[in-house]
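Enquirer: Mind folding the following:
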Amino acid sequence: MWRIWMVMDPRKVIIVGGIAVASIVATNHFVQLSTKYSCWLDGHGSGSCLAAAPATASNAQHNAPLPN
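Expert: Below is the predicted model:
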């Protein structure tokens, strides 16, 4: 294992790795924010920009709180 660090400088590997991880995280956040479920740039909360669905049994709320 020490031979790998003889070829690559550990400081550069850590810095390049951190930059790579930060760019992946930033890309993921921008993709998540550009979906139709996140319209906070318009001044609305999460999901409020979606069209209201009719209240039927087929679209029941799946994350309803548990009964007491």
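Enquirer: longest helix of this structure?
Expert: Using DSSP state H, we find that the single longest helix of the chain is helix 10-33.
Enquirer: Report the residue spans of the protein with pLDDT below the cut-off.
Expert: Across the chain, the ranges flagged by pLDDT under 70 are 37-62, 64.
Enquirer: switch the cut-off to 80
Expert: Along the chain, segments meeting pLDDT under 80 span 1-2, 4, 33-68.
Enquirer: quick revisit: quick one: buried residues of the longest helix of the chain?
Expert: Within helix 10-33, no residue counts as buried by 16 or more other C-beta atoms under 10 Å. (Each C-beta comes from the backbone N, C-alpha and C, glycine too.)
Enquirer: got the CA coordinates for stretch 16-32 in PDB?
Expert: Taking C-alpha atoms only, stretch 16-32 is exported to PDB below (Å, rounded to 0.1, in the frame of the first residue of the first chain):
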ATOM      1  CA  VAL A  16      -9.000  16.200  -5.400                       C
ATOM      2  CA  GLY A  17     -11.200  13.700  -3.600                       C
ATOM      3  CA  GLY A  18     -12.900  16.400  -1.600                       C
ATOM      4  CA  ILE A  19     -13.500  18.500  -4.700                       C
ATOM      5  CA  ALA A  20     -14.900  15.500  -6.500                       C
ATOM      6  CA  VAL A  21     -17.300  14.700  -3.700                       C
ATOM      7  CA  ALA A  22     -18.400  18.300  -3.300                       C
ATOM      8  CA  SER A  23     -19.100  18.500  -7.100                       C
ATOM      9  CA  ILE A  24     -21.200  15.300  -7.000                       C
ATOM     10  CA  VAL A  25     -23.100  16.600  -4.000                       C
ATOM     11  CA  ALA A  26     -23.700  20.000  -5.600                       C
ATOM     12  CA  THR A  27     -24.900  18.300  -8.800                       C
ATOM     13  CA  ASN A  28     -27.300  16.100  -6.900                       C
ATOM     14  CA  HIS A  29     -28.700  19.100  -5.000                       C
ATOM     15  CA  PHE A  30     -29.300  21.100  -8.200                       C
ATOM     16  CA  VAL A  31     -31.000  18.100  -9.900                       C
ATOM     17  CA  GLN A  32     -33.200  17.600  -6.800                       C
END
